[in-house]
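A.B. asks: kindly return the folded structure for what I paste below:
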Amino acid sequence: MDNNSISFKARDTLDTRGKKSTIYRLDKLEENGLCKITSLPYSIRVLLENLVRNTDGKVVTEEDVKNLAGWKPGNVPKTDIPYIPSRVILQDFTGVPAVVDIAAMRSAMKKLGGNPEEINPVIPADLIIDHSVQVDCYGTSYARNCNEKHEFQRNRERYELLHWAQNAFDNFNVVPPGSGIIHQVNLEHLANVVHLREENGETVAYPDTLVGTDSHTTMINGLGVLGWGVGGIEAEAVMLGQPYYMPIPEVVGFELRGELKEGITATDLVLTVTQMLREHGVVGKFVEFYGPGYRKLSLPDRAILANMGPEYGATMGFCPVDEVTLDYMRMTGRSEEHVNMVFQYCKKQGLFAERDAPVPEYTSTLGLDMGTVQPSLAGPKRPQDRIVLSDMSAVFHRTMKDVYSLKKGTEDFETDPDYNRWLEEGGYNVVEKIHPDHSGIMKIKCEGEEADLNHGSVAIASITSCTNTSNPSVLIGAGLVAKKAVERGLKAKQFVKTSFGPGSKAVMNYLEAAGLVPYLEALGFHLVGYGCLTCIGNSG
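C.D. replies: Residues are numbered from 1 along each chain as shown. The predicted model follows:
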């Protein structure tokens with residue numbers, strides 16, 4: 001069936017500096033009376049292009065396109081649509097089972113007398129190895145080499161499998177250990193924002209879209225790329241050419257106004273935004289950021305906002321493409337030719353957020369004056385919980401008293417949901433194991449010195465996580481704090497396990513250029529590797 005006749009005569013040609021690409025124009029839907037493109041949220045526009053381009057009358061039908069084109073804030077169609085991502089990203093913990101499954105399919109094909117090499121990922125898949133490295137060594141200049149050596153010793157069989165898979169499968173690429181955290185690698189290197197693909201002798205241009213096997217896949221939304229985390233089975237199905245069926249989402253608009261005060265970080269901002277969105281209720285919905293304050297945010301700051309989509313409960317937190325996006329692409333080594341193509345394509349399709357563009361219609365809206373954001377901490381239990389820095393001391397002592405105090409009565413423990421969950425997950429029975437009159441002080445020897453370990457003592461201090469460790473303002477801030485601490489003669493207790501695991505190799509380059517690495521190392525925060533590390537429990 002002629003795709004052009006099905007797809008509302010949307011097929012057209014885009015000429016960018018003498019190079020022609022086939023595109024599927026969204027404004028043709030408006031000409032057909034199906035929608036007003038400028039009224040739709042940018043994230044819905046990207047989904048709509050996905051449907052129009054893939055319309056074949058079988059998997060994606062004209063009815064699917066009409067249902068999504070009919071999106072209205074007060075009347076979101078209650079139906080599923082077949083989303084066909086352009087690529088898949090996997091990390092090693094969840095990706096290895098997918099590789100094993102495809103290998104098993106090949107074995108089954110061979111037993112049936114078929115050609116096993118016919119079974120391959122249909123769409124491109126990148127597996128980034130970042131979840132396996134652990135902090136065995138720390139506090140020394142050789143910590144990274146030591147930890148990577150142990151990583152290869154522990155994971156040799158898994159890595160041999162992945163090496164085989166990269167050579168055996170089509171459309172399958174492995175990013176080796178020590179390259180960085182999956183989401184930062186995606187942001188800096190893998191994402192194109194707009195793809196170019198050769199198809200039947202012509203070049204087709206279309207938005208970069210994906211699913212990933214990690215909940216924080218949403219970090220790529222900061223670059224204007226549609227994508228979110230899914231389960232391993234769903235990702236595997238998409239790799240093998242199946243659509244991802246999803247309900248048409250509501251879209252919550254989040255307007256950012258003003259600008260952050262001096263000393264306030266993007267981490268403070270995202271904790272405030274997360275608190276607001278959890279109170280509003282955004283589970284199963286898209287969140288889309290806009291406003292004059294949004295335009296002032298750097299792309300790494302936007303990536304932090306998008307990264308915590310799982311914490312505020314949304315499917316994703318989308319940041320539309322604008323000049324900030326293009327500047328970041330240039331800074332991270334994308335060619336000027338490609339950046340220009342992205343601009344021309346997004347502008348033609350109504351996907352470029354112009355300064356004077358009308359605000360799309362949203363299911364509901366929230367707003368925040370960024371000048372009101374206060375210094376904040378996450379915790380003490382969940383990353384989405386926010387504590388204002390000025391309240392930290394009081395909250396800490398209250399938490400220690402209410403939750404972890406060993407003088408708590410047996411009856412209190414038995415009715416405490418946190419304690420019961422602790423038992424269900426294999427934790428010790430506190431009441432049986434520790435006497436309620438225990439002083440809480442334990443004398444230990446560490447590096448030849450005696451020390452007192454108390455309830456509430458910091459045992460692990462790590463600069464890590466995909467949310468923070470590739471944001472220059474946050475990490476340079478950490479380096480400056482370390483500098484001030486060293487200059488004042490401060491140091492970490494000898495029993496504290498300190499580590500520094502950035503999400504990108506670029507981090508060490510700019511910290512070294514700024515002369516801040518010696519101060520971090522003086523406090524024990526030596527580079528221990530590039531990966532998730534302590535953030536996922538790999539503290540060694």
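
A.B. asks: separation between V193 and I44?
C.D. replies: 18 Å (Cβ to Cβ, to the nearest Å). Every residue, glycine included, has its C-beta placed from N, CA and C.

A.B. asks: then P518?
C.D. replies: 49 Å.

A.B. asks: which of the two has more neighbours?
C.D. replies: I44 (26 against 13; other Cβ atoms under 10 Å).

A.B. asks: name the nearest residue to that one, sequence neighbours excluded.
C.D. replies: On the basis of Cβ to Cβ, 6 or more residues apart in numbering, the spatially nearest residue to I44 that is not a chain neighbour turns out to be W71, at 5.4 Å.

A.B. asks: do you know the pLDDT at that neighbour?
C.D. replies: In this model, W71 is scored at 96, pLDDT.

A.B. asks: contact partners for P360?
C.D. replies: T38, S39, L40, P41, Y42, V251, G253, E288, Y290 (Cβ atoms under 8 Å, 6 or more residues apart in numbering).

A.B. asks: is it in a helix, a strand, or coil?
C.D. replies: coil (DSSP: H, G, I helix; E, B strand; the rest coil).

A.B. asks: can you read off the pLDDT for it?
C.D. replies: 98.

A.B. asks: can you count the residues close to N509?
C.D. replies: 10.

A.B. asks: work out for me the element it sits within.
C.D. replies: helix 505-513 (DSSP states H and E).

A.B. asks: quick check: buried residues in that helix?
C.D. replies: Buried residues in helix 505-513, counted by 16 or more other Cβ atoms under 10 Å: A506, V507, M508, L511.

A.B. asks: then stretch 229-236?
C.D. replies: So, applying 16+ other Cβ under 10 Å, buried residues of stretch 229-236: G229, V230, G232, E234, A235, E236.

A.B. asks: how far off centre is it?
C.D. replies: What separates the centre of stretch 229-236 from the centre of its chain is 15 Å, taken as Cα atoms, centre = their mean, to the nearest Å.

A.B. asks: pull it out as PDB, backbone CA atoms only.
C.D. replies: The C-alpha trace of stretch 229-236 is given here as PDB (Å, rounded to 0.1, in the frame of the first residue of the first chain):
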ATOM      1  CA  GLY A 229      12.400   3.400  30.600                       C
ATOM      2  CA  VAL A 230      10.600   0.200  29.900                       C
ATOM      3  CA  GLY A 231      10.900  -3.400  31.100                       C
ATOM      4  CA  GLY A 232      13.300  -5.800  29.500                       C
ATOM      5  CA  ILE A 233      10.600  -7.800  27.600                       C
ATOM      6  CA  GLU A 234       9.200  -4.600  26.100                       C
ATOM      7  CA  ALA A 235      12.600  -3.400  25.000                       C
ATOM      8  CA  GLU A 236      13.400  -6.800  23.500                       C
END
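
A.B. asks: what helices and strands are in contact with whichever strand or helix holds A237?
C.D. replies: For A237, the host element (DSSP H and E) is helix 232-239. Helices and strands touching helix 232-239, by 3 or more Cβ pairs under 8 Å, 6 or more residues apart in numbering; DSSP states H and E, are strand 87-91, helix 92-111, strand 209-212, strand 244-247.

A.B. asks: who touches stretch 531-540?
C.D. replies: Residues contacting stretch 531-540 (Cβ under 8 Å, 6+ apart): 129-136, 138, 177-178, 180-181, 460, 462, 464-466, 497, 499, 501.

A.B. asks: go again with 6 Å.
C.D. replies: By Cβ atoms under 6 Å, 6 or more residues apart in numbering, the residues outside stretch 531-540 that reach it are D130, H131, V133, Q134, V135, D136, I460, S462, T464, S465, G501.

A.B. asks: so S21, which of the three states?
C.D. replies: Going by three-state DSSP: S21 is strand.

A.B. asks: just checking, it touches E202?
C.D. replies: No: using Cβ atoms under 6 Å, S21 is not in contact with E202; the gap is 8.1 Å.

A.B. asks: neighbour count for the two, which is higher?
C.D. replies: A side-by-side neighbour count of S21 and E202, using other Cβ under 10 Å, places S21 first with 20 against 11.

A.B. asks: okay, the closest residue to that one other than its chain neighbours: pLDDT?
C.D. replies: Leaving aside its chain neighbours, S21 sits nearest to A205 (3.9 Å; criterion: Cβ to Cβ, 6+ apart). We have a pLDDT of 97 for A205.

A.B. asks: since we're on A205, how many residues are nearby?
C.D. replies: 24.

A.B. asks: please apply the same query to R45.
C.D. replies: Count around R45 with other Cβ under 10 Å applied: 25.

A.B. asks: ok, it - contacts?
C.D. replies: Counting by Cβ under 6 Å, 6+ apart, R45 has contacts L351.

A.B. asks: in a helix, it, correct?
C.D. replies: Yes: per three-state DSSP, R45 lies within a helix segment.

A.B. asks: secondary structure element holding the nearest residue in space to G291 that is not next to it in sequence?
C.D. replies: The shortest distance from G291 to any non-neighbouring residue, by Cβ to Cβ, 6+ apart, is to E255 (3.8 Å). Using DSSP H and E, the element containing E255 is strand 251-257.

A.B. asks: now the nearest residue to E118 once chain neighbours are set aside: how far from M219?
C.D. replies: Using Cβ to Cβ, 6+ apart and skipping the chain neighbours, the partner closest in space to E118 is M109 (6.9 Å). From M109 over to M219 the distance is 36 Å, taken as Cβ to Cβ.

A.B. asks: look at these two and report which has more neighbours.
C.D. replies: More neighbours surround M219 than the other of M109 and M219, with 31 against 15 (other Cβ under 10 Å).

A.B. asks: give me the phi and psi for that one.
C.D. replies: phi -60, psi -30 (degrees, to the nearest 10).

A.B. asks: who touches it in this structure?
C.D. replies: Applying Cβ under 6 Å, 6+ apart, the residues near M219 are H183, A303, A306, N307.

A.B. asks: that older thread, nearest to T272, out of the helices and strands packed on helix 232-239?
C.D. replies: In terms of Cβ to Cβ, the element of these nearest to T272 is strand 209-212, at 26.0 Å.

A.B. asks: after the helix or strand containing I444 comes which helix or strand?
C.D. replies: Using DSSP H and E, I444 sits within strand 441-446. Using DSSP H and E, the next helix or strand after strand 441-446 towards the C-terminus is strand 449-454.

A.B. asks: which of the residues in the helix or strand just after that next one are buried?
C.D. replies: Next helix or strand after strand 449-454 toward the C-terminus (DSSP H and E): strand 460-463. Neighbour-count burial for strand 460-463 flags A461, S462, I463 (criterion: 16+ other Cβ under 10 Å).

A.B. asks: just the residues you listed now: which is nearest T94?
C.D. replies: S462 (22.5 Å).
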